[in-house]
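Novice: next come a sequence and a model predicted from it.
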Amino acid sequence: MAKTVLIVEDDRNIADLLRLYLEKEGYEVAIAHDGLRGVELFREKQPSLVLLDLMLPGMDGSAVCRTIRSESKTPIIMLTAKSETEDKVAGLKQGADDYITKPFEMKEVLARIEAVLRRSGIEPEKSTRRLVFDKLIIDMDAFELTVDGKKVPTPPKEMELLYHLASTPNRVYTRNQLLDEVWGFDYFGDTRTVDVHIKRLREKLEGVSDQWELKTVWSVGYKFEVNAQ
């Protein structure tokens, strides 16, 4: 059974981004946008771990943390824009198991979740991050791209972009969505960054198979199109 992560975060963009990445890693996700609802969902879902924002409307993260800790030993990772040492110490004293300061990299969040679950005796269930199509293997566990039977050297961000597109075939992503979801919500680069990475991927992939295509949707963005057989 997949582990459940409860996200208590009032910024809906951050909450949705966390949900997207966690679900891709095989977790089930529940989201609350205020502290009171967070406590309600905690009691209802009995999650394996809680990602808890400190600054919440209604009932702040500190109060939520104390409430959860009074009822359960469920691991809690606090998310906050505050970076002062005393804030981190206060969060840990209230019962949090770890503390992540915004802005953060999604890889860091995933690594922290796995580490906290292991320390708590709950082994995270890792899904295989490997996609296979005709003459194409995208292996994110090994960070290897195999095209027509040959391993093709590919930079990490190109791998992440291709995996992101190919993991939801035929879905169209705008450039801004790809910047948010692949580069991270705290990335302030130009959307041309996406175009450059797509161009490099096309050089590696174009003409390899007639069953799939890295396709431009004009005036919108990009998709990994898989042809119906």
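Specialist: Everything's here; your move. Residues are numbered from 1 along each chain as shown.

Novice: pull the helix or strand with minimum mean pLDDT from the protein.
Specialist: Ranked by mean pLDDT, DSSP states H and E, the weakest helix or strand in the chain is helix 85-93, scoring a mean of 64.

Novice: what element comes up after that one heading to the C-terminus?
Specialist: Per DSSP states H and E, the first helix or strand lying C-terminal to helix 85-93 is strand 98-101.

Novice: now do that next one, average pLDDT.
Specialist: Confidence over strand 98-101, taken as the mean pLDDT, stands at 86.

Novice: distance of residue 150 from residue 10?
Specialist: Distance from residue 150 to residue 10, counting by Cβ to Cβ, to the nearest Å: 48 Å. C-beta coordinates here come from the backbone N, C-alpha and C atoms, glycine included.

Novice: same check on residue 198?
Specialist: Distance check for residue 198 against residue 10: by Cβ to Cβ, it reads 34 Å.

Novice: and what of residue 153?
Specialist: 42 Å.

Novice: the more surrounded of those two?
Specialist: Counting neighbours by other Cβ atoms under 10 Å for residue 153 and for residue 10 shows that residue 10 has the greater number, 17 against 8.

Novice: thought that one was touching residue 55?
Specialist: Yes: under the contact definition of Cβ atoms under 8 Å, residue 10 touches residue 55, with a separation of 7.4 Å.

Novice: what are the ranges of the helices in this structure?
Specialist: Using DSSP state H, the helices assigned to the chain run over residues 12-24, 35-45, 61-71, 85-93, 106-119, 156-166, 175-178, 192-205.

Novice: low-confidence ranges in this structure?
Specialist: 1-2, 82-93, 122-128, 185-189, 228-229 (pLDDT under 70).

Novice: ok so, going back, just put the helices of the chain in CSV and tack on distance to residue 219 and mean neighbour count.
Specialist: Below are the helices of the chain laid out as CSV (distance: least, Cβ to Cβ, whole Å; neighbours: other Cβ atoms under 10 Å):
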stretch, distance to residue 219, mean neighbour count
helix 12-24, 23, 17
helix 35-45, 38, 18
helix 61-71, 41, 18
helix 85-93, 45, 14
helix 106-119, 28, 16
helix 156-166, 18, 19
helix 175-178, 11, 16
helix 192-205, 13, 16
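
Novice: got the ones you listed as TSV, with distance to residue 215 columns?
Specialist: Output for the helices of the chain, formatted as TSV (distance: least, Cβ to Cβ, whole Å):
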stretch	distance to residue 215
helix 12-24	21
helix 35-45	38
helix 61-71	43
helix 85-93	45
helix 106-119	25
helix 156-166	9
helix 175-178	14
helix 192-205	10
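
Novice: quick one: contacts for the nearest residue to residue 177 once chain neighbours are set aside?
Specialist: In this structure, residue 177 finds its nearest non-sequential neighbour in residue 221, 7.0 Å apart by Cβ to Cβ, 6 or more residues apart in numbering. For residue 221, the set of contacting residues under the criterion of Cβ atoms under 8 Å, 6 or more residues apart in numbering consists of 172, 173, 174, 175, 177, 178, 194.
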